[in-house]
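**Q** okay, predicted coordinates and the sequence, questions at the end:
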Amino acid sequence: MNFIEELTWRGMIHDMKPGTEEQLQKEMTSAYIGIDPTADSLHIGHLVSVMMLKHFQIAGHKPLALVGGATGMIGDPSGKSLERNLLDEKTLRHNQECLKKQLAKFLDFESDAPNAAELVNNYDWMKDFSFLDFIRDIGKHITVNYMMAKDSVKSRLGEDAKMGMSFTEFSYQLVQGTDFLHLYKEKNCKLQMGGSDQWGNITTGTELIRRKESGDAFALTCPLITKADGGKFGKTESGNIWLDPKLTTPYKFYQFWLNVSDADAEKYIKIFTLLSKQEIDELVKEQEAAPHLRPLQKRLAKEVTCMVHDEQEYEKAVEASQILFGKATTESLAKLDKETFLAVFEGVPTFEIDRAKLDAGVPIIELLAAETAVFPSKGEVRRTIKGNGLSLNKAKLTDQDYSVSTSDLISEAYVLVQKGKKNYYIIEAV
RNA sequence: GGAGGGGUUCCCGAGUGGUCAAAGGGAACAGACUGUAAAUCUGUCGGCGUAGCCUUCGGAGGUUCAAAUCCUCCCCCCUCCA
């Protein structure tokens, strides 16, 4: 199965330029995707493009990951994102290094294979590009008329525009096109991939290559990942799901995938895992036969957690989940020794409190909203208790005036706080 | 530079002197139902709290017993004309 066929059955192709498949069959081809280095970790929104590159490398082609040090400071007008601030070079390099380490889990950067992955940063070739050079060498080749026809630009002009668009944002497609042109010339890169929102930007690049170099370059986009209920993919109450375990613990990471809705599970497992069509078909059948066992979500969570973290972290996450969501009771919790407790709950957000305070007893509302930041306000603690949404050590708490004392400690050191069904916090006496 | 239209609580968006912590929708959170799913229904959704109080409607002043609402100045955004 070739690259295009692979992506097709996985539902990862939204659009591509005619001739793309032929090009890929003709020779080993280089392709790139762009990543904004706005943070020092990738989040799961990036994972789609990373998987495209991975399939690309598996298919024998050469993937390039472009860190957008230059473009990242402009901001793409097609998103609603505001214009960005310039990252200083130190931060930029730091982020670049961190991203590369994460990418190395997916792509082979190190081997001597001709299709080893490469990381490039457009800051390196854009930083010394003078304005005059730019408008002469690049700007001349693309008409404003052409640029204005792009949806990303059109939506920002005219009467229904909420915001105007600065010249900087307008020029974004040219800057991105310049990247493509640069990679085309320097690295013989003939394909740019990205989300479907990037189509306009990518084709400005292929157009530039055609006009300036009489070259043939290609574009391939994947659908934007959505949720069946229309919500944003990859966001939870606590924000982005990051690949860095320090930002999103493996437990939370695992839980994210496990909680994916049925309607999304099949779609996601095709995109975010390398499981074969047969394996997935099998799982889908199992899911239909016994939906409550959620084989799709479980396998999806396993595969992605193992890929991003490792098998050990995955197993810990499963164990913690079984205790938290299984039939654990106050009694079984109380039996856990300190070691086990810590191992199981590693990754569950932990707050500390002075043991001396607990000796005297701390009102629950104080404990959760003042002594620790489990809740942002006292009112919210009250509301949650009133709504029957708070549990302490797996037992529902209904008394707003309850005082927590040392007798509530598990293993003489911990209190397990549960907000609703899925949110756990640990308070540790120190 | 001219004319017009705007800036409201996380988002969209009502509100033009008191009954406004501010309609409605969305998002979010919790409860019920379930399968840690979806859909549905219910509740909550500025802060502290019994009442009640405090902070909020671009910013700063002012009028008034009382202002998101009226006046003055300023800042920002959009459209059209030049």
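**A** Yes, it's here.

**Q** the stretch 301-430 of chain A: helices as residue ranges?
**A** A:311-325, A:330-335, A:338-345, A:355-360, A:364-366, A:378-386 (DSSP state H, counting those that start in this stretch).

**Q** just name the most buried of those helices.
**A** helix A:364-366 (a mean of 19; mean count of other CB atoms under 10 Å). Any C-beta I mention is one placed from the backbone N, CA and C, and that applies to glycine too.

**Q** what packs against that one?
**A** Judged by 3 or more CB pairs under 8 Å, 6 or more residues apart in numbering; DSSP states H and E, helix A:364-366 is in contact with helix A:378-386.

**Q** now do the same contact list for the closest residue to RNA strand B within chain A.
**A** Minimum separation of chain A from RNA strand B (CB to the nearest atom of the strand) falls at residue A:164, amounting to 2.0 Å. For residue A:164, the contacting residues are residue A:156, by CB atoms under 8 Å, 6 or more residues apart in numbering.

**Q** how far off centre is stretch A:248-266?
**A** In terms of CA atoms, centre = their mean, to the nearest Å, the centre of stretch A:248-266 is found 12 Å from the chain centre.

**Q** quick check: which element contains residue A:100?
**A** Assigned by DSSP states H and E, residue A:100 belongs to helix A:89-103.

**Q** any part of stretch A:369-378 near RNA strand B?
**A** Yes - contact of stretch A:369-378 with RNA strand B (CB under 7 Å from any atom of the strand) involves A:369, A:376-378.

**Q** now the most centrally placed residue in chain A: how far from residue A:107?
**A** Of all residues in chain A, the one closest to the mean position by CA atoms, centre = their mean is residue A:44, 1.6 Å from it. Remark: distance between residue A:44 and residue A:107 (CB to CB, to the nearest Å) = 17 Å.

**Q** can you count the residues close to the closest residue in space to residue A:37 that isn't next to it in sequence?
**A** The shortest distance from residue A:37 to any non-neighbouring residue, by CB to CB, 6 or more residues apart in numbering, is to residue A:95 (4.1 Å). Here the count is done by other CB atoms under 10 Å, and residue A:95 has 22 residues near it.

**Q** so can I have JSON lines of the residues of stretch A:369-378 next to RNA strand B showing distance to residue A:401?
**A** Below are the residues of stretch A:369-378 next to RNA strand B laid out as JSON lines (distance: CB to CB, whole Å):
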{"residue": "A:369", "distance to residue A:401": "14"}
{"residue": "A:376", "distance to residue A:401": "21"}
{"residue": "A:377", "distance to residue A:401": "18"}
{"residue": "A:378", "distance to residue A:401": "13"}
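
**Q** what's the domain layout of chain A?
**A** A:3-222, A:235-325, A:336-429 (automatic domain parsing).

**Q** turn those into a markdown table, columns for mean pLDDT.
**A** Formatted as a markdown table, the domains of chain A follow (pLDDT from 0 to 100):
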| stretch | mean pLDDT |
| --- | --- |
| domain A:3-222 | 91 |
| domain A:235-325 | 91 |
| domain A:336-429 | 87 |
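
**Q** next, format the ones you listed as TSV and append distance to residue A:229.
**A** Putting the domains of chain A into TSV (distance: least, CB to CB, whole Å) gives the following:
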stretch	distance to residue A:229
domain A:3-222	17
domain A:235-325	7
domain A:336-429	17
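
**Q** residue contacts, the residue lying farthest from the centre of chain A?
**A** For chain A, the largest distance from the centre (CA atoms, centre = their mean) belongs to residue A:360, which lies 44.3 Å off. Residue A:360 makes contact with residue A:405, according to CB under 8 Å, 6+ apart.

**Q** just put the helices of the stretch 301-430 of chain A in a markdown table and tack on distance to residue A:267.
**A** Listed next are the helices of the stretch 301-430 of chain A as a markdown table, based on distance: least, CB to CB, whole Å:
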| stretch | distance to residue A:267 |
| --- | --- |
| helix A:311-325 | 22 |
| helix A:330-335 | 37 |
| helix A:338-345 | 31 |
| helix A:355-360 | 47 |
| helix A:364-366 | 42 |
| helix A:378-386 | 33 |
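
**Q** nearest to residue A:67 among the ones you listed would be which one?
**A** For the helices of the stretch 301-430 of chain A, proximity to residue A:67 was assessed by CB to CB; helix A:311-325 is nearest, at 26.3 Å.

**Q** check whether the closest one contacts RNA strand B.
**A** Yes - using CB under 7 Å from any atom of the strand, helix A:311-325 reaches RNA strand B at A:321-322, A:324-325.

**Q** quick one: that helix to helix A:338-345, angle?
**A** Comparing the axes of helix A:311-325 and helix A:338-345 via axes from the mean of the first three to the mean of the last three CA atoms, to 10 degrees yields an angle of 100 degrees.

**Q** packing partners of helix A:311-325?
**A** helix A:250-258, helix A:295-308, helix A:338-345.

**Q** how close does the residue nearest to residue A:37 get to residue A:48?
**A** Distance from residue A:95 to residue A:48, by CB to CB: 20 Å.

**Q** could you do residue A:183 as well?
**A** Distance, residue A:183 to residue A:48, using CB to CB: 20 Å.

**Q** look at the two and report which has more neighbours.
**A** Comparing residue A:183 with residue A:48 by other CB under 10 Å, the one with more neighbours is residue A:183, at 26 against 22.

**Q** which SSE is that one in?
**A** Assigned by DSSP H and E, residue A:183 falls in helix A:172-187.

**Q** quick one: distance of that helix to the chain centre.
**A** Using CA atoms, centre = their mean, the offset of helix A:172-187 from its chain centre is 25 Å.

**Q** other SSEs contacting the helix or strand following it?
**A** Using DSSP H and E, the next helix or strand after helix A:172-187 towards the C-terminus is strand A:189-195. With contacts defined as 3+ CB pairs under 8 Å, 6+ apart, strand A:189-195 has these neighbours: helix A:20-26, strand A:30-35, helix A:47-58, helix A:172-187, helix A:199-213, strand A:218-222.

**Q** make JSON lines from those and add distance to RNA strand B to it.
**A** Listed next are the helices and strands packed on strand A:189-195 as JSON lines, based on distance: least, CB to the nearest atom of the strand, whole Å:
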{"stretch": "helix A:20-26", "distance to RNA strand B": "35"}
{"stretch": "strand A:30-35", "distance to RNA strand B": "26"}
{"stretch": "helix A:47-58", "distance to RNA strand B": "20"}
{"stretch": "helix A:172-187", "distance to RNA strand B": "16"}
{"stretch": "helix A:199-213", "distance to RNA strand B": "19"}
{"stretch": "strand A:218-222", "distance to RNA strand B": "23"}
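
**Q** so can I have JSON lines of these showing distance to residue A:412?
**A** JSON lines is the format used below for these (distance: least, CB to CB, whole Å):
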{"stretch": "helix A:20-26", "distance to residue A:412": "62"}
{"stretch": "strand A:30-35", "distance to residue A:412": "47"}
{"stretch": "helix A:47-58", "distance to residue A:412": "41"}
{"stretch": "helix A:172-187", "distance to residue A:412": "58"}
{"stretch": "helix A:199-213", "distance to residue A:412": "59"}
{"stretch": "strand A:218-222", "distance to residue A:412": "52"}
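
**Q** all set, thanks.
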